[in-house]
Structure formats: C-alpha cells, structure tokens
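Visitor: build me a model:
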Amino acid sequence: FGGRERHMEYYVLGGSESATPYSHERRTSYIALEFEWSDPDNPPIAPEFRQRWENGEREKARFLTIGISLAGNMNASDRIRPLRFLITDGSRLGYDLHTVYETGSKQDKRAFDHPRFKQQMEGHGIICDSQSEYERQVARYLFGFDDVKDFQKLINLLLVLRRPNLSSELSFSRVHDYLKQSLRKISGETTSHVIGTIERIDAIQAEKERVQEAYSAAERLHMAQQNLALSRAQLAACEYTGTQLAEDSVQSRVTKLRKDLRTAENERGRADERTQMLQAEYYQVNSQIKVLETSEGLQVAKQLTAAHERTHETQGQAQEQQKSLEAARQAKRVSIERLERQVAHFNTMKAGSVAQLRELSTLAMQESLWEVAAFQLDEALRQVNSISSEASTAPEVPLVITSLPGEMSEERIAWLRHLEELHRQREKLDATVQHARSLEATRFQELDLARNRFQSVEDRFNEAVLMLNNTLEQFTSEESLQLLQETMLQQGDMGNVVDDDALPGRVVEECSFILDHYRKEIDKIGDELVQEAQQGQAKLNELQVVQGGMIREIAEVRSLYEQKLAEPEFTPLRSDRHTTARTKLAEQGITALPLYMLLDFTPDINRESEEAGRIEYMLEDAGLLDALVVAPSQVAAADALLASEGLSDCRLDIEGIKTLSESRRLPATQPEEQHTHGHNSSNFYGLRFDASLDTNRVTPSEGNDLDWEPIVTTILTAFGENGLPGNAAATQTRLHF
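Guide: Numbering: from 1, shown residues only. The predicted structure follows:
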C-alpha cells in the first residue's frame, strides 16, 4: 500500500509503527465496488443478468456489487480473515443490505461479523470460499469471461499498460505479442461454423439462380399454357355462344307458342261461353217458335232461319278453333322435343367445358406451379357449374377466359420438350458441381485439421515459454530476462514466423533456438542458486547462533515480566503525618479522605499505561496524592484541630488553590492550547470523580453520606485553571506545603 506501515493489517487492526499509531483487538472492515448497467437498449454481459433483462426484470439486472470483508483478530493465528462476496440480485449495499447495525447505546454502530453477514447475504448473491472461485465469479459476472485465463490475460495487459516508462520498453514485436495475447483464440467450432455458413451462402446463391431460371421457365410455360387455355376457352366460348343463341331462339319460340296456346285456350273458353249462350238462345227460340207456331208463324220462321244461320256460323268457328288448338298442341310437342335436344346438347357442351377447365387447372397447379391461374380457373369452373338452362337471363362469360392470350399448340409442345432437355442438362451440371463442392469441403477440412494441429502445437509452445518466463522471473532479474528475450528476437521474429504457413521448418528451427537459449539460462540460474544456497546456509548458521542468544534473552525478559505481573498492585504510600491527621479528625467526627480515593482516570486513559503512571507521579511529587480533603462545612473545625496538633500541612486547602488560580490566571497561549490537545481547560486532563466511591472504597463511618462529587469537581477545576501539574504553581496547591 505504498509504505512500510501501509499493509492491510495496519488498516484493520492498527499498529505502532506509523506516525499516527492506533490499535484494535477485533475489527471488521468492508470494501465493495458497485457497478450499474446504464445502457437501456442493450442487455448486460453476464448470462444471468441478460436472461433477467430479457424477461423484463431489468431492475434486478441493473446493479452488481463485488466486495471483500476483512475480519481482524489480534489474538488469532490468522490475524486477517477475508470473506469474498458478490451481490447478484440487484440489491444495493447500504440500501437493501447493510454492513453495520446499531447497538442501542447512544447511536453506536458496529460492523456485522462474518456469520451474521453470511446470514444476511442468503438469497442475494454468492459467498466465495477461495480466491480462485472469487476470481472466476468476477470474471464471469463483471467481464463475461467463461475462462479465467482470459481474465488473467486482461489483468496482465492492464498491468503492462500501467508500467512506468512504457514507451522505452515497447517494440514492434512486443506490441505484436501483446495484441496477439489480447485477441481471443478463434475456436475450431467457430471456424467450421463460418465455413459452413459460407458454403450455405454459396448453396443459397446457386439455389437462387436455379429458382430464378426455373421461374423464368415457368413464366414462359405459363405464357404458353395461358395461350393454350385462352384458345380452348375461346373455342368453348364460341360453341357456348352459338348454343346460347340457339337456346335463346328456341326459348323465344316456346314463349310465343305458350302465348298462342294461352290465346287459343282463351278463345276456346269464349267459344264455349258463346256456345252455351247460343244454346240458351236456341232453347229460347224453340220456345218462342212453339209460341209463335200458335200465334205468329211467319215471324217465327224468319227468326228460326236466322238462328240456324248463326248456329252454322258458330259451329264453323268452333271447328276452326278446334283446328287451331290441335295445331298449337302439335307445335308445343315439337318445341318441347327441340328444347330437350338443345338441353342435352347444352349439358354435353357444359360437361366438356368443365372437363377442359379442370384439365387446365390441374396443369396450372401441378406442372406450371401457377397458383394464380389455377385459382382463376377454379373460379371459372365454379361459374360454369353454376350455369343452368332454367335461368331467365343469359350468363356472363368468365373474365379469366377472355383475359388469356393465345399461342399455337405445336410451338408450345416443342418449347416444353426443349425446356425438359434443359432441365436434364441442369441436373447433370448440379450433380457435377455438388461433387466438386464436396471434394473441396473435404480438402478444406483436411487443411483446417492441419492448421488446428499446428496452432495447438504453437499455443502449447507459447504457453510453455510464458510459464518458463514466469518461473525465471523468480530466480533472475528483470534486466537479464529482458536481455534474453531481446537476444532471441534479434535471431528472428517469432510472431511473423508462426503466422507464415509456408515455413514450418523455420518455425521448428526458431523453437529449437529458443529452447537452447532457455536451457543455457536455466543452467546459469541453477549455478547461481547453488552459490546463493551455500551463502544462505552460512548466513543461516550465523543467524541460528544469534537466534539462540535472542531466545535466552527473551526467556530472561519473560521471567522478569512474569515476576512483575506477580507483584501486587501499586498502592500510594501514606506518610505517618497524614495517617495521624486523619485519625485525629476521625476521633472528632470530622470526615477526611485522601485525594487519591476521590479521583479516577478518564475512560480514554488506560490504568496500566505510562500516561497514568506519569499523572500519579506528578501528583505525588506535588504532595497532592495523599492530601486530606475535608467537607466545606467542617473546614473550620478541621483547621483548628490540625493547628493544635501541628498537622495543618496535611489538609488540602481548596480555597487557597482557587485564590492562587485567580491571581495567576493568564490568557492561554497557542502552545498551551496545543499541549492540552483540545481538552477543556476548566478540567484537569485525565482525571475525574470516582463514581464507585460510595460502594467500593468508603464505609458509612468515613463519610459515605456526604456528596463528594462537587468538592472533587471544584478541585479539578482549580487544577485546570491553575495549569497542568508540572509547572511552578502545582507545587503551591496546599496551604502549608
């Protein structure tokens, strides 16, 4: 981390080697990097994130977090224990997942330990047990590398780019090597896939040309068959038109005959009515004749003669009408017979037309592959089938029949035979081309296999050279290794040789030359290692002797340390005068406690530290450590008693300290402010009132019922205002000392 003390253990647990020393017995740290996918149009690199992105769960594929947790324990054999993790469900550290929790006391926060953090991570990501697993997962999720070697190559290239004075180290051959390492190796599957794709493109192009030729031939065939169908349709239309005209004339004659028949029937009805009327008149005339025979004979004879004449006329008309009726019946029978012949001929023509249309539809669908014409012919077939002789209006001729041009049948037949011959020749050429392509594909496969074998040997050699370089870096200097590589590069550019397929012998030569150089360098390094091993053994013997002496010294120091630990805790010595003064005051019912019983160190000062010892020695040198403190209400009685006994110097004069502080108070200078380290000057640095006074060190008879905290606060305030103990004023803090 850039310095002697800047190691990971220093940042987690602390140390005393730095200019700002600090120490922690246990501590947990978290280091994490959060990555956000900000391209809304393209999916992420990792396959899992891509699948979520395509399924619509884009928020879960938006964030990726990688990190490491360092748990430090000063008392463990492994002081730093790492925990590597990845958050892959889109949760964010600090928002959805946390690394600290509140302890509940004054908003104090502490970091999660490893078991609790693992429990929190369940269902949100991956916990890696090893560094290799962590490297593999980072390469897969962050960079999309399925192979860790690609990730390592990327890191090596980035380290190369971050080297100082990079321009002085680069050469064309090295740039070529670095670029070659940065490119992914094209797999054989990809190569074969590309070759297959090219072959399929060629096949598709040939198929396209063949289909185009077939389409042209089909179009010409379509035109010929269209002309043929048009000719046949025109012939059928002419026949149909003639039949339709004949049928129309027959229909008109039948209609006329039916009209004549109805007229004759009407006339016959009228004749029957007239006959009945005449018969009634005849009966009437007969009756009148009989009447007239008796009365008027002449008139009756005249009337009778007229009636006979009308009767003869009526009979003649009835005979003529009977003849007309017979003629109409005969004409009707002839018309019906002729109509039946016309209907039979019409049905025959219709069946022929339907058969021809079906044949044309079959030719258009099966041979010409002309679906439009087939559909139109089917439509015409349905229209022809719908034509009936009972229709009152003439049917329309189908448009598909009248829209097809015509051509001679012999020319179409000759053209079809020529087209069939061309198809046979095309099939022969296709078979020849297919055989040539299969032979070419076989040769290409053999060439690819040879290239793959050569490439695999080349890759193994390059990997061996790289591993050899990495191994030699541990035993030789970078300058020697660089000189060796430059010597090999002067003999020949390996990158240009390997890429030349026409010079395999030269490639083998260069490989042999490189191996010889490496063999010599390894022998040289072996000799140097033997010499260094001998020197190291001699140095080790010397260090073992020194180590034996240091072990003895450590044993002596440890025994002294154990002896020091076995000694009882230091208790401030009490002078006989202070003990006598406290006894005299207690006999009179005056409570007096030594100052050290009322004071305690602040939490930021360790009781066993050197700083605590310095404060105790400072108070002892000033004569304040065992000075007696008396309650303000008993000061007068205590002073009188101590004065009578000659022990006035044993009591701590608080009022005198305050008076001396006020008389000597000066504005604090900047060095003094720096010396106090920012603490409040009204309090004595490092000391406070001992809160355990009422339970641990004072009995009820010794003044447990008194409130000592304000008294001690007044004393410490006076000490703070008077300056740090150690100056001249500290020696005058008692009245008679």
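
Visitor: helix/strand/coil for residue 90?
Guide: coil (DSSP: H, G, I helix; E, B strand; the rest coil).

Visitor: residues near it, how many?
Guide: Neighbour count of residue 90, defined by other Cβ atoms under 10 Å: 20. All C-beta spots, glycine's among them, are computed from the backbone N, C-alpha and C.

Visitor: can you check residue 416 too?
Guide: Neighbours of residue 416 using other Cβ under 10 Å come to 16.

Visitor: SS state for it?
Guide: State at residue 416, reduced to three classes by three-state DSSP: helix.

Visitor: quick check: the closest residue to it other than its chain neighbours vs residue 377, distance?
Guide: Closest residue to residue 416 apart from its sequence neighbours, by Cβ to Cβ, 6 or more residues apart in numbering: residue 221 at 6.8 Å. According to Cβ to Cβ, to the nearest Å, residue 221 and residue 377 sit 15 Å apart.

Visitor: where's residue 175, which helix or strand?
Guide: Taking DSSP states H and E as the criterion, residue 175 maps to helix 172-182.

Visitor: element containing residue 67?
Guide: Assigned by DSSP H and E, residue 67 falls within strand 63-73.

Visitor: elements contacting that strand?
Guide: helix 8-13, strand 26-36, strand 80-87, helix 114-121, helix 131-141 (3 or more Cβ pairs under 8 Å, 6 or more residues apart in numbering; DSSP states H and E).

Visitor: partners of that strand in the sheet?
Guide: Strand 63-73 pairs in its sheet with strand 26-36 (antiparallel), strand 80-87 (antiparallel), by DSSP bridges.

Visitor: turn the ones you listed into a markdown table, columns for mean neighbour count.
Guide: Shown next, in a markdown table, are the strands paired with strand 63-73 (neighbours: other Cβ atoms under 10 Å):
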| stretch | mean neighbour count |
| --- | --- |
| strand 26-36 | 15 |
| strand 80-87 | 19 |
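
Visitor: related to what we said a few turns ago, if I look at the residue nearest to residue 416, how far off is residue 128?
Guide: According to Cβ to Cβ, residue 221 stands 71 Å off from residue 128.

Visitor: same deal with residue 267?
Guide: According to Cβ to Cβ, residue 267 stands 121 Å off from residue 128.

Visitor: give me the more crowded residue out of those two.
Guide: Neighbours per residue (other Cβ under 10 Å) separate residue 267 from residue 128, with residue 128 holding more: 20 against 15.

Visitor: quick one: buried residues of the helix holding residue 175?
Guide: Using 16 or more other Cβ atoms under 10 Å as the test for burial, helix 172-182 gives 173, 177.

Visitor: who does the next helix or strand after it touch, helix- and strand-wise?
Guide: Downstream of helix 172-182, the first helix or strand assigned by DSSP H and E is helix 188-294. On a contact count with 3+ Cβ pairs under 8 Å, 6+ apart, helix 188-294 meets helix 297-362, helix 371-385, helix 399-402, helix 409-473.

Visitor: follow-up on the earlier one: my guess is the residue nearest to residue 416 contacts residue 420. True?
Guide: No - using Cβ atoms under 8 Å, residue 221 is not in contact with residue 420; the gap is 10.5 Å.

Visitor: these two: which is more packed in?
Guide: Higher neighbour count among residue 221 and residue 420: residue 221, with 21 against 10, using other Cβ under 10 Å.

Visitor: where does the more buried one land on pLDDT?
Guide: Note for residue 221: predicted pLDDT of 88.

Visitor: where does pLDDT dip in the stretch 101-250 of the chain?
Guide: 106, 169, 181-186 (pLDDT under 70).

Visitor: swap in the stretch 501-650 of the chain?
Guide: 501-505, 567-575.

Visitor: ok so, going back, and the helix holding residue 175, C-alpha only, in PDB?
Guide: Listed next in PDB are the C-alpha coordinates belonging to helix 172-182 (Å, rounded to 0.1, in the frame of the first residue of the first chain):
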ATOM      1  CA  PHE A 172       7.100  -3.800 -32.600                       C
ATOM      2  CA  SER A 173       7.500  -7.400 -31.800                       C
ATOM      3  CA  ARG A 174       6.300  -6.900 -28.200                       C
ATOM      4  CA  VAL A 175       3.300  -4.800 -29.400                       C
ATOM      5  CA  HIS A 176       2.500  -7.700 -31.700                       C
ATOM      6  CA  ASP A 177       2.800 -10.200 -28.900                       C
ATOM      7  CA  TYR A 178       0.600  -8.100 -26.600                       C
ATOM      8  CA  LEU A 179      -2.000  -7.600 -29.300                       C
ATOM      9  CA  LYS A 180      -1.900 -11.300 -30.100                       C
ATOM     10  CA  GLN A 181      -2.500 -12.100 -26.400                       C
ATOM     11  CA  SER A 182      -5.400  -9.600 -26.200                       C
END
